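Chemist: Next comes the sequence, and after it the predicted model I'd like to discuss.
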Amino acid sequence: MQIVVLAGGTGGARFLRGVRSAAPGAEITAVVNTGDDVTLHGLRICPDLDTVMYTLGGGIDEERGWGRAGESWTVKEELAAYGADPDWFGLGDRDLATHLIRTRMLDAGFPLSQVTAALADRWQPGVTLLPMSDQRVETHVVVTDPGTGRQRAIHFQEWWVRHRAALDPAAFVQIGVEAARPAPGVLEAFAAADAVLLAPSNPVVSIGTVLGVPGLREALLSSPARVVGVSPVVGGGVLRGMADRCLPALGVEVSAEGVGRHYGSRTDGGLLDAWLVAPGDAADVPGVDVRQVPLLMSSAEATTALAQAALDAAGFRAAGV
Ligand code: GDP
Ligand code: CA
């Protein structure tokens, strides 16, 4: 049995942990957003891939939801002492080893998908970890510069980490997306899938970015599997992150219904066969099987139950269950 999950960072990683325990024995492929990737201090950093890898591999800082457990920040402090820019991005000492290896392998000519597989060899995440694409695609945010009053595009990380999403986004653009192709294994995974799940990740800068890779959306739509989405919006708000700052830029209401309608029904050119919303978040999404289930991934048990509900909605039964 094969399950494909589209994922961003924290929401995607937690959901994947639930899918892994809800479907033991299934082959799970995570197609992960790389639009957040950035080069800092000469190092290639892939925040969402690393969040998924560390979370599933048991190395995540559970409290923060990103970066390594037991992290120290000596290198970051030393860089700051030199006044080295940028000083706003959290690069931990343990985490740096991952970026050093990744950068070295990329510089040697290995594609990101192979680099990711090599890094995952240490972490044994129990799922196949695929970047959405081997080509560089970087999300930029069009904002109005408070100094000049003029519009300019800044890297997503600068918008989110440096400015804490305080600048109103006018648009999100994927630099480099025209030349991107789905990474090796992505199209095959959709074609062979028994269930396709959209994690409760950011609909704009995680799921939206993955679906922006030319050919990927079409592959998802022609998958024989049912496509089930999980709402990242509960009770009209997001649980963490900045999806509530992103959705209005696309004219999408910050509600389970708004996101469900944005994804749309597969019967109507959209993505979804089923859409999971929280109890109390009544959502009318024409053509979609909307189900109310607890959506809070607050414990391992709750997360597994959520993943099971998603697999149920996909008509998927794990072997032996
Ligand atoms: P990022 O790349 O780290 O921003 O993470 P993702 O894009 O994967 O996920 C961010 C989204 O996860 C946010 O929009 C949150 O609302 C959502 N999220 C976080 N925790 C939960 C949870 O427990 N349940 C649900 N349904 N969504 C969650
Ligand atoms: Ca992310």
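Modeler: Received the coordinates, thanks. Ligands and ions are numbered 1, 2, ... in the order given.
Chemist: Tell me if the lowest-mean-pLDDT helix or strand in the chain is near ligand 2.
Modeler: Lowest on mean pLDDT, DSSP states H and E among the helices and strands of the chain sits strand 237-238, with a mean of 91. No: between strand 237-238 and ligand 2, judged by CB under 5 Å from the ion, nothing touches; the nearest distance is 12.9 Å. Any C-beta I mention is one placed from the backbone N, CA and C, and that applies to glycine too.
Chemist: gap between the two ends of stretch 160-168?
Modeler: This stretch, stretch 160-168, spans 11 Å end to end (CA to CA, to the nearest Å).
Chemist: Buried ones in that stretch, by neighbour count?
Modeler: Of the residues in stretch 160-168, 160, 161, 162, 165, 167 count as buried by neighbour count, 16 or more other CB atoms under 10 Å.
Chemist: Equivalent analysis for stretch 97-113, please.
Modeler: Per 16+ other CB under 10 Å, stretch 97-113 contains these buried residues: 98, 99, 102, 103, 105, 106, 110, 111, 112, 113.
Chemist: now could you export just the CA positions of that stretch as CSV?
Modeler: Below are the C-alpha coordinates for stretch 97-113, written out as CSV (Å, rounded to 0.1, in the frame of the first residue of the first chain):
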residue,chain,number,x,y,z
ALA,A,97,26.5,19.9,10.3
THR,A,98,23.5,19.1,8.1
HIS,A,99,23.9,22.2,6.0
LEU,A,100,27.6,21.7,5.6
ILE,A,101,27.1,18.2,4.3
ARG,A,102,24.2,19.3,2.1
THR,A,103,26.2,22.2,0.6
ARG,A,104,29.3,20.0,0.0
MET,A,105,27.2,17.4,-1.8
LEU,A,106,25.3,20.0,-3.9
ASP,A,107,28.6,21.6,-4.8
ALA,A,108,30.0,18.2,-5.9
GLY,A,109,27.1,18.0,-8.3
PHE,A,110,24.6,15.7,-6.5
PRO,A,111,20.9,16.7,-7.0
LEU,A,112,19.0,17.7,-3.9
SER,A,113,16.9,14.5,-4.0
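Chemist: Can you tell me what sits against it?
Modeler: 34, 42-46, 50, 91, 114-115, 118-119, 130-131, 133-134, 183-185 (CB atoms under 8 Å, 6 or more residues apart in numbering).
Chemist: Mind giving me the ChimeraX command for buried ones among the residues you listed?
Modeler: To isolate the buried ones among the contacts of stretch 97-113 in ChimeraX, judged by 16+ other CB under 10 Å, type:
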select :34,43,44,45,46,50,91,115,119,130,131,133,134,183
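Chemist: What pairs with the least confident helix or strand of the chain, parallel or antiparallel?
Modeler: The pairing partners recorded for strand 237-238 under DSSP bridges are strand 233-234 (antiparallel).
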